[in-house]
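S.K.: Fold the following.
(chains A and B)
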Amino acid sequence: MNSAAFVVIATFTVAAALAAATLRQLMHAALSFAIAFVGVAAFFFLLGAEFVGLALVFIYIGAVAVLIVFTILLTRRDVGKDRGFNWGGAIVAGAVFGGLTWSILKTQSLAIVAPHMPALTVKRIGAALMTSYVWPLQCVGLLLTAALIGALILVLEEKR
Amino acid sequence: MSKSLDQVFVSAKQWLLSLLAGSPSWVIQVVSSLINIFALLGVFLTLFALLSVLERKILGRMQNRYGPNRVGPFGLFQPIADGIKMLVKEDIVPARADKIVHFLAPVLIAAVAILTLGVIPYGRNMTPFTIDAGILFFFAVGSTTELAVFMAGWGSNNKFSMLGAMRAIAQMISYELPLIITVLPVVMVVGSLTPDRIVAAQADYTLGLVPRWFVLTPWGATAFILFFVSGLVESNRTPFDVPEGESEIVAGHMTEYSGFKYATFFMAEYIGMFAISGLGITLFLGGWHAPVHALEFIPSYVWFFTKLSALLFVYVWVRGTLPRTRVDQMMNFAWKFMLPMAFTCIVAAAVWHYTGRGLRGWLWSLFVIVLVYSALSILLDTKRKFAPRVYRFAE
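M.R.: Reported below is the predicted structural model:
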């Protein structure tokens, strides 16, 4: 059952990602990008990591995809123009794929049987965030607050 | 007797599944999910049809006129007539529209609305989709609506659609923040994101009389009011139906839709309303628990749907009472009032928790909320200047 689900989700995700990379219309590409994230979130659900999957949907589809779509809407005028094949992008993608494959094949932990993990509940994630990772969490919070204030200052009405 | 009546739907499902005994486990799993899905769709689409006619009746009563009263007894068959009308209407797609996106937008928006219904506990043992982080699921799936609205606006290739979609997304993003932050105090106090656990935490009665619903604490009442207002905005209901302001931009992101696609948008709006009210009931109004211990013999789902009808009536009542707000008023309200008050609820809930959850905690959290509320009203009041509006445009 799990392997069948894996194949279905993987096909779906790869198809959406390919569409995001190749579609001529920029807006269609952005929407396919969002679909690819649904597929990745489905992987996390399959692995029993509900929280990560939901956070992915929440952040990447609810916020990042909307942001991308708005950016395209407000800036681009050359929608639909043929821009030729992107060789630089292809090389970077190939290098990343090669690097990941190489490190996965080299890693030691794949050989041993996966240890039995207790279910990853939201409560445990919360406890870990609030105890061992409280300083990184606070730093990220501070950074985001600074970004928010910066955004507010950018759009503030200038005094005449 | 009352016990079996309470569990009648659960036993009915078990009986249906027992007919399949002997099949492989995945068949039973799939059939079990399908039963849940069909039950949800059946109940809520009926409720949608019923509400669409009742809303017009109630609005008619408020505006001193008859509502729909021609089709069937008391006009109750009106939704059937409406449905047939919508189905046989021509489906017009603009020539310059982005056909695929234009088609997918209503599909996505309805699917998302129906998905959010799945995590709400409708009665004892009656949660269609039990998941550890149910509240998070609700908001994660719900946040996809913004993308669907955008697709509708962009795919139509029409300036009114695009303006409507921009307005809708602006208000949805602004009010999503107070909506989620008002949920946090409940999650904090219960210590769980599971809707069933949140309902269970509100099961008891203080002195055997007053239910332990969170709405009866000062922070809970404040959070519930903020939640309800944000819910009004999220479901694009009057007085916050700026995205489809008929007097300005025709119908907003739904301008270029006709026939059944238009009806699908309306269905999504109503189902979103049911979902957000259901979540409000789960979080603040004690879920399916009875308000008085003596009335617990009435089945749990009856209580849930009674509370749901009461909330839906308030939605219609607000629509019949208040005029539409202006966009800038709405945004100012969100960022200057709703957000600070929502954060105050978190602090007040913490105060309530650490002063012993009793009468003392009740008074202390009330004090915190009154303090911040007065400070906020003084602060916002001094900032108010009466002057002609200045319009600023993007350069």
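S.K.: contacts and neighbour counts: CA atoms only from here.
M.R.: OK.
S.K.: any idea where the helices of chain A begin and end?
M.R.: In chain order, chain A shows helices spanning A:2-22, A:26-46, A:50-56, A:66-75, A:87-106, A:122-130, A:134-155, with DSSP state H as the criterion.
S.K.: Save the ones you listed as TSV, and put in mean neighbour count and mean pLDDT too.
M.R.: Listed next are the helices of chain A as TSV, based on neighbours: other C-alpha atoms under 10 Å in any protein chain shown; pLDDT from 0 to 100:
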stretch	mean neighbour count	mean pLDDT
helix A:2-22	15	86
helix A:26-46	21	87
helix A:50-56	21	85
helix A:66-75	14	82
helix A:87-106	11	88
helix A:122-130	13	81
helix A:134-155	12	90
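S.K.: In contact with the residue most central in space within chain B, which residues?
M.R.: The centroid of chain B falls nearest to residue B:276 when counting by C-alpha atoms, centre = their mean (1.9 Å). Counting by C-alpha atoms under 8 Å, 6 or more residues apart in numbering or on different chains, residue B:276 touches residue B:231.
S.K.: for the one 5 residues further on, same thing?
M.R.: Residue B:281 makes contact with B:287, B:304, B:307-308 under the criterion C-alpha under 8 Å, 6+ apart.
S.K.: One more pass at 6 Å, please.
M.R.: Residue B:281 sits next to residue B:287 when contact means C-alpha atoms under 6 Å, 6 or more residues apart in numbering or on different chains.
S.K.: thinking again about what came up before, export the helices of chain A as JSON lines, with columns for distance to residue B:240.
M.R.: Listed next are the helices of chain A as JSON lines, based on distance: least, C-alpha to C-alpha, whole Å:
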{"stretch": "helix A:2-22", "distance to residue B:240": "35"}
{"stretch": "helix A:26-46", "distance to residue B:240": "28"}
{"stretch": "helix A:50-56", "distance to residue B:240": "28"}
{"stretch": "helix A:66-75", "distance to residue B:240": "21"}
{"stretch": "helix A:87-106", "distance to residue B:240": "45"}
{"stretch": "helix A:122-130", "distance to residue B:240": "34"}
{"stretch": "helix A:134-155", "distance to residue B:240": "24"}
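S.K.: hmm, back to that, what's the first helix or strand after the helix or strand containing the residue nearest to the centre of chain B?
M.R.: With elements taken from DSSP states H and E, the one containing residue B:276 is helix B:259-283. With elements assigned by DSSP H and E, the helix or strand that comes after helix B:259-283 is helix B:300-321.
S.K.: how far out from the middle of the chain is that next one?
M.R.: 11 Å (C-alpha atoms, centre = their mean, to the nearest Å).
S.K.: what's the burial count for residue B:350?
M.R.: 18 (other C-alpha atoms under 10 Å in any protein chain shown).
S.K.: Not counting the one helix or strand it maps to itself, show me its contacts.
M.R.: In the assignment (DSSP H and E), residue B:350 maps to helix B:339-354. Contacts of helix B:339-354 with the rest of the structure, by C-alpha under 6 Å, 6+ apart, involve B:178, B:181-182, B:185, B:219, B:361, B:365, B:368.
S.K.: For those, which two are the farthest from each other?
M.R.: Greatest spatial distance in the contacts of helix B:339-354: B:178 and B:361, 23.6 Å, computed using C-alpha to C-alpha.
S.K.: who has more neighbours, those two?
M.R.: residue B:178 (26 against 21).
S.K.: List the residues that contact the more buried one.
M.R.: Per C-alpha under 6 Å, 6+ apart, neighbours of residue B:178: B:339, B:342.
S.K.: how many degrees apart are the helix or strand hosting it and helix A:66-75 in direction?
M.R.: Using DSSP H and E, residue B:178 sits in helix B:159-190. Orientation of helix B:159-190 against helix A:66-75 (axes from the mean of the first three to the mean of the last three C-alpha atoms, to 10 degrees) gives an angle of 160 degrees.
S.K.: quick one: contacts for the residue in the stretch 51-200 of chain B positioned nearest to chain A?
M.R.: The stretch 51-200 of chain B approaches chain A most closely through residue B:140 (4.3 Å), counting by C-alpha to the nearest C-alpha. Shown in contact with residue B:140 (C-alpha under 6 Å, 6+ apart): A:54, A:57-58.
S.K.: Swap in 10 Å and give it another go.
M.R.: Residue B:140 sits next to A:53-62, B:116, B:134 when contact means C-alpha atoms under 10 Å, 6 or more residues apart in numbering or on different chains.
S.K.: Any chance of CSV for those residues, columns distance to residue B:209?
M.R.: CSV is the format used below for the contacts of residue B:140 (distance: C-alpha to C-alpha, whole Å):
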residue, distance to residue B:209
A:53, 42
A:54, 39
A:55, 40
A:56, 44
A:57, 42
A:58, 40
A:59, 43
A:60, 46
A:61, 45
A:62, 43
B:116, 33
B:134, 30
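S.K.: List the buried residues for the helix or strand harbouring residue B:379?
M.R.: Using DSSP H and E, residue B:379 falls within helix B:359-382. Applying a neighbour-count criterion of 16 or more other C-alpha atoms under 10 Å in any protein chain shown, one finds B:361-366, B:368-369, B:373 buried in helix B:359-382.
S.K.: Please work out how many residues are found near residue B:26.
M.R.: The burial count for residue B:26: 10, using other C-alpha under 10 Å.
S.K.: Residue B:287 now?
M.R.: Neighbours of residue B:287 under the rule other C-alpha under 10 Å: 33.
S.K.: which residues touch it?
M.R.: Residue B:287 neighbours (C-alpha under 10 Å, 6+ apart): B:120-124, B:195-196, B:198-203, B:213, B:278-281, B:300-301, B:303-305, B:307-308.
S.K.: While we're on it, how confident is the model there?
M.R.: At residue B:287, the model reports a pLDDT of 81.
S.K.: give me phi/psi at it?
M.R.: Here is the backbone geometry of residue B:287 (degrees, to the nearest 10): phi 60, psi -130.
S.K.: That one and residue B:295, how far apart?
M.R.: For residue B:287, the distance to residue B:295 equals 15 Å [C-alpha to C-alpha, to the nearest Å].
S.K.: cool, and residue B:24?
M.R.: Distance from residue B:24 to residue B:295, by C-alpha to C-alpha: 42 Å.
S.K.: same deal with residue A:107?
M.R.: Residue A:107 is 62 Å from residue B:295, by C-alpha to C-alpha.
S.K.: can you tell me the distance between the two ends of stretch B:87-103?
M.R.: Stretch B:87-103 has an end-to-end distance of 16 Å (criterion: C-alpha to C-alpha).
S.K.: Skipping adjacent residues, who's closest to residue B:164 in space?
M.R.: residue B:252 (3.8 Å; C-alpha to C-alpha, 6 or more residues apart in numbering or on different chains).
S.K.: Give me the angle between the host helix or strand of residue B:44 and helix B:300-321.
M.R.: Element membership of residue B:44 [criterion: DSSP H and E] is helix B:25-62. With the same axes, to 10 degrees defining the directions, helix B:25-62 sits at 40 degrees from helix B:300-321.
S.K.: quick one, what contacts the residue in chain A that chain B sits nearest to?
M.R.: Using C-alpha to the nearest C-alpha, the single residue of chain A nearest to chain B is residue A:58, 4.3 Å away. Contact analysis of residue A:58 by C-alpha under 10 Å, 6+ apart lists A:41, A:52, A:64, B:136-144.
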